[in-house]
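Visitor: I need the structure of the sequence given here:
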Amino acid sequence: MRLTEMQEELLLCMRGARFPMARFELHNDAEKELVMTALDNVYMEHPEEEMGLVKKRGEALRGLEERGLISIDFDAPVWVAGDHIVYYKSKIYELLCHTALEASRTVEGCLFNLPVLRKGYAELTPRGRQETRRLLARHRMEQHG
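Guide: Purely as a prediction, here's the structure:
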């Protein structure tokens with residue numbers, strides 16, 4: 001199975017640890033069923049990370065999920081409150097909040113006026129754990145070879 005370097009790094013990051021993710025959404029405060037995803041499959045290590053890197057990671061995570069190596073769940077309960085602090089403090093979420101506020105002030109009948117940070121987690125599937133073991137074995141061979 002051919003994975004990108006970023007996908008390999010993400011798989012190795014997931015082994016043995018919680019892997020908190022987020023989805024940045026825009027909602028309508030009057031009509032709860034109106035929801036728009038602004039940025040999906042967000043994984044951040046630092047609040048200052050740039051949009052380009054976050055989008056690349058999101059694409060890599062989506063690819064891993066499509067290959068059956070990880071599962072991403074935005075409906076599971078949050079395990080540890082501090083897991084998602086980085087997202088609330090991020091420049092990207094701040095931009096989403098400012099954009100929604102500005103639009104609600106200046107655009108008559110603005111549909112999406114409420115920023116929402118949807119919390120979730122990713123985890124390795126059995127196939128993902130198998131691929132991670134293969135990656136670790138390859139890394140060990142490269143170090144000793």
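Visitor: make it CA atoms for all contacts and neighbour counts henceforth
Guide: Noted.
Visitor: how about low-confidence regions in the chain?
Guide: 145 (pLDDT under 70).
Visitor: longest strand anywhere in it?
Guide: strand 114-124 (DSSP state E).
Visitor: that one pairs with which strands?
Guide: Partners of strand 114-124 in the sheet, by DSSP bridges, are strand 20-27 (antiparallel), strand 70-73 (antiparallel).
Visitor: give me the contacts around the very next helix or strand once past it.
Guide: Toward the C-terminus, strand 114-124 is succeeded by helix 126-144 as the next helix or strand (DSSP states H and E). Helix 126-144 has contacts (C-alpha atoms under 8 Å, 6 or more residues apart in numbering) with 8, 11, 12, 15, 68, 69, 70.
Visitor: gap between the fourth one and residue 86?
Guide: Relative to residue 86, residue 15 is positioned 20 Å away (C-alpha to C-alpha, to the nearest Å).
Visitor: what do you get for residue 22?
Guide: Note on residue 22: its distance to residue 86, by C-alpha to C-alpha, is 10 Å.
Visitor: so for these two, which residue has more residues nearby?
Guide: residue 22 (25 against 19; other C-alpha atoms under 10 Å).
Visitor: tell me the contacts of the more buried one?
Guide: Residue 22 touches 40, 41, 42, 43, 74, 84, 87, 117, 118, 119, 120, 121, counting by C-alpha under 8 Å, 6+ apart.
Visitor: okay, and the second one sits in which element?
Guide: Right, residue 41. For residue 41, the enclosing helix or strand under DSSP H and E is strand 35-42.
Visitor: which residues are in contact with residue 34?
Guide: Each residue near residue 34 by C-alpha under 8 Å, 6+ apart is listed here: 27, 28, 111, 112.
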